[in-house]
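Colleague: next comes the sequence, and after it the predicted model I'd like to discuss.
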Amino acid sequence: MQRFAALYRRLDTLTATSAKVAALADYLTAAPAADAAWAIALLGGQRPRRLLRAGELRTALVSASGLPEWLVEHSHHHVGDLAETVALLTGNECDGSRAPPLPTLARFVEDELLTLPALDEAGRQARLLDWWRRADRDTRFLIGKLLTGGFRVGVSQRLVTQALAQASGLPVELLAERLAGRWQPGERAMAALLRPAHAGDGPGERPYPFFLASPLSDTPSSLPGAREDWLAEWKWDGIRVQVIRRGDTVALWSRGEERLDGRFPEIEAAALALPPGTVLDGELLAWRDDAPLPFNVLQKRIGRLRPSARSQAEQPVAVLAYDLLEWRGEDLREAPLRHRRQTLADCLATLAAPRLRLSPALPAADWQALARHREDARSRGVEGLMLKRLDSPYRAGRRRGDWWKWKIDPYTLDCVLVYAQAGHGRRATLYTDYTFAVWDGDALVPVAKAYSGLSDAEILSLDRWIRPHTRERFGPVRAVEPVQVFELAFEGIASSNRHKSGVAVRFPRILRWRTDKTAADADTLATLRALAMPSAPP
């Protein structure tokens, strides 16, 4: 456990990807198989859900530290990260002489961490105190991260897979395929993961690793080859999925490797008509009358594990398929896209299922004609264009060169900063989380929260301004003088009954600090509402 905690702390301090891969590879090479398996799962995103309430953690922290509750709360607000607060306030470093050390990573997670919810509150409190008594500071910090769910350390599933490839000598693509889906950590799972490339069973109901497009910052004319060498499609605004028809079953997987079975029964029913051994890659969309509906219509379906007939009628869905990864049991990923696409078109034409559609190719004689399609994207409810090289294979992860996303320019608005809150982790001592508002008559109405887009120098400058210009405090939140104007960008805006402003924005981020403008120059709520799409068509 202590060795993994040291790795986690080291990863948190490294910035170079190559250094993180090397650190991970060193750990995976030396660690026992069960520990290595859990390290892969945890760092790759398979983290336990929150195992106890934050209030219970604070109660235990008060008991362990001997400090009054108000001082613990104040320390948390000052530090900004509960796991870091636990590590700092829970006493001297464990020297191993007064208590037995914690078990290995695998035994700790399986026998102690995951069984925590089964205890009553007194039992959970006792277990927390016992952990802190037996752990050093790095391990207490790690335990806090596991308990609070804030396990981000700048490591992606792709990076973990690269490190495992470096440690094992197996190809990255093979390991990514074996890790896809519900991978249960353990010694047996680790042995199966590292078996020779020619051994093992078929893929079962697992998805293939998704191929991800890179953003195109230049014009398409900068791409190699001629226009006819590239397939152009709409960039749909939905959920990326793989529809898997193998044996007698259908499985529906999201790009986040979450299985969606039962949530979209109309898609599963349509997929049963596919030949066994078929895997489609495409976009799940709210869809009616041959056109996409706004994304917030689809959101109403995402959280429903068993949607009613009424829900299916009010929020109809379809999959716009744009690739064929497996056909009648044959892996097609190494075949050129033009071949995969033609086979996909023939398959769906024969199927004639309205819930499974071919994502249409966009006709355009040259790049200029394609640019005109892009200008029309927003009115069609799509995010821009996808450009895919027709002779490209289907790769794993984000590999530059073959697939590009040429997105439309985002919405932009000038907003006023009204609230600020301290960040987390290394930014816990700085005000980096901001709330922005626009004018509704003579009042400022909050419309978005954002924390990305400013440079380190701008964050420091804004932090120094926030402290002396605070008007009120609400716990960790500061209400500031409404004078600073920022230009924000949004990917989408939709009407919403859940927000006081009547609108909800998607993926807000800061474009620039408008020091050349005053608060009176900020945009209005009427402007924002005029841009908003209705939550559903009339």
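Modeller: Perfect, thanks for sending it.

Colleague: quick one: residues in contact with whichever strand or helix holds Leu174.
Modeller: Using DSSP states H and E, the element containing Leu174 is helix 172-179. Contacts with helix 172-179, where a contact means CB atoms under 8 Å, 6 or more residues apart in numbering, come from 40, 44, 157-158, 161-162, 164-165, 168, 192-193, 197, 203, 206, 208-209, 395-397. Glycine gets a C-beta too; all of them are placed from N, C-alpha and C.

Colleague: the same query, at a cut-off of 7 Å, please.
Modeller: 44, 161-162, 164-165, 193, 197, 208-209, 396-397 (CB atoms under 7 Å, 6 or more residues apart in numbering).

Colleague: which of the residues you listed fall in strands?
Modeller: Among those, DSSP state E puts Gly397 in strands.

Colleague: please check the contacts of helix 172-179 and keep the buried ones.
Modeller: 44, 161-162, 164-165, 193, 208-209, 396-397 (16 or more other CB atoms under 10 Å).

Colleague: now do the helices in the stretch 251-400 of the chain.
Modeller: 265-271, 295-302, 309-314, 337-351, 367-375 (DSSP state H, counting those that start in this stretch).

Colleague: so which of the ones you listed is nearest Gln125?
Modeller: helix 295-302 (35.7 Å; CB to CB).

Colleague: now do the buried residues in the helix or strand harbouring Gln421.
Modeller: Gln421 is located in strand 411-422, with elements delineated by DSSP H and E. By 16+ other CB under 10 Å, the buried positions in strand 411-422 come out as 411, 413-422.

Colleague: now, among the residues you listed, which is nearest to Ala23?
Modeller: Closest to Ala23, out of all of the buried residues of strand 411-422 and judged by CB to CB, is Ala422, at 28.4 Å.

Colleague: tell me what that closest one is bridged to.
Modeller: Beta-bridge partners for Ala422, by DSSP bridges, are Tyr431.

Colleague: counting neighbours, what do you get for Asn211?
Modeller: Not Asn; residue 211 is Phe. 20 (other CB atoms under 10 Å).

Colleague: send the alpha carbons of the helix holding Leu174 over as CSV?
Modeller: Extracted in CSV, the C-alpha atoms of helix 172-179 (Å, rounded to 0.1, in the frame of the first residue of the first chain):
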residue,chain,number,x,y,z
VAL,A,172,-0.5,-1.1,-26.8
GLU,A,173,-3.5,-1.9,-29.0
LEU,A,174,-3.8,-5.5,-27.8
LEU,A,175,-3.6,-4.4,-24.1
ALA,A,176,-6.2,-1.6,-24.7
GLU,A,177,-8.6,-4.2,-26.2
ARG,A,178,-8.1,-6.6,-23.3
LEU,A,179,-8.7,-3.7,-20.8
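
Colleague: next, count neighbours for the residue lying closest to Leu28 once chain neighbours are set aside.
Modeller: Residue nearest to Leu28 in three dimensions, not counting chain neighbours: Ala167, with 4.4 Å by CB to CB, 6 or more residues apart in numbering. The local packing of Ala167 (other CB under 10 Å) involves 19 other residues.

Colleague: okay, the helices of the stretch 251-400 of the chain in JSON lines with distance to Gly502 and mean pLDDT next?
Modeller: JSON lines is the format used below for these (distance: least, CB to CB, whole Å; pLDDT from 0 to 100):
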{"stretch": "helix 265-271", "distance to Gly502": "31", "mean pLDDT": "95"}
{"stretch": "helix 295-302", "distance to Gly502": "13", "mean pLDDT": "86"}
{"stretch": "helix 309-314", "distance to Gly502": "21", "mean pLDDT": "92"}
{"stretch": "helix 337-351", "distance to Gly502": "40", "mean pLDDT": "95"}
{"stretch": "helix 367-375", "distance to Gly502": "28", "mean pLDDT": "91"}
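
Colleague: closest one to Ala232 among these?
Modeller: helix 367-375 (5.6 Å).

Colleague: name the residues that touch the closest one?
Modeller: Against helix 367-375 from outside (CB under 7 Å, 6+ apart): 219-221, 227, 232, 362, 364, 384-385, 406, 408.

Colleague: centre of the chain versus it, how much separation?
Modeller: 30 Å (CA atoms, centre = their mean, to the nearest Å).

Colleague: quick one: buried residues of it?
Modeller: Neighbour count says helix 367-375 has 367, 370, 373-374 buried, by 16+ other CB under 10 Å.

Colleague: still on that earlier bit, can you get me the centre-to-centre distance for the helix holding Leu174 and its chain?
Modeller: For helix 172-179 - counting by CA atoms, centre = their mean - the centre lies 20 Å from the chain centre.

Colleague: do stretch 115-134 as well
Modeller: That offset, for stretch 115-134, works out to 30 Å (CA atoms, centre = their mean).

Colleague: center of this protein - which residue?
Modeller: Gly256 (7.1 Å; CA atoms, centre = their mean).

Colleague: which SS class is Pro482?
Modeller: coil (DSSP: H, G, I helix; E, B strand; the rest coil).

Colleague: for it, what are its contacts?
Modeller: Contacts of Pro482 by CB under 7 Å, 6+ apart are 416, 418, 444, 519.

Colleague: before we move on, what about Ala273?
Modeller: Ala273 neighbours (CB under 7 Å, 6+ apart): 351, 353.

Colleague: between the buried residues of strand 411-422, which is nearest Arg529?
Modeller: For those, the nearest to Arg529 is Leu413 (11.5 Å; CB to CB).

Colleague: and the nearest residue to Leu114 once chain neighbours are set aside, which of the three is it?
Modeller: Leaving out its chain neighbours, the residue that sits closest to Leu114 by CB to CB, 6+ apart is Pro48, at 6.2 Å. The three-state label given to Pro48 by three-state DSSP is coil.

Colleague: my read: Pro48 touches Leu116, true?
Modeller: No - applying CB atoms under 7 Å as the test, Pro48 and Leu116 come out as separate, 9.1 Å apart.

Colleague: does Asp463 touch Thr429 like I think?
Modeller: No - checked against CB under 7 Å, the pair Asp463 and Thr429 is beyond contact range at 8.6 Å.

Colleague: pull the number of nearby residues for Pro508.
Modeller: 23.

Colleague: wait, what's in contact with the nearest residue to it once chain neighbours are set aside?
Modeller: Excluding the flanking residues, the one nearest Pro508 by CB to CB, 6+ apart is Ala448, at 4.1 Å. Ala448 is in contact with 415, 436, 488, 505, 508, counting by CB under 7 Å, 6+ apart.

Colleague: okay, and which of those map to strands?
Modeller: Using DSSP E, the contacts of Ala448 in strands are 415, 436, 488, 505.

Colleague: out of those, who's nearest Pro292?
Modeller: Of the ones in strands among the contacts of Ala448, the one sitting nearest to Pro292 (CB to CB) turns out to be Val505, at 18.8 Å.

Colleague: contact partners for the nearest residue to the closest one once chain neighbours are set aside?
Modeller: Nearest residue to Val505, sequence neighbours excluded (CB to CB, 6+ apart): Phe490, at 4.3 Å. Residues near Phe490 by CB under 7 Å, 6+ apart: 410-411, 505-508.

Colleague: same question, Asp440
Modeller: With CB under 7 Å, 6+ apart, Asp440 has these contacts: 524-525.

Colleague: and if you look at the one 3 residues further on?
Modeller: Shown here is Ala443, which makes no contacts under the criterion CB under 7 Å, 6+ apart.
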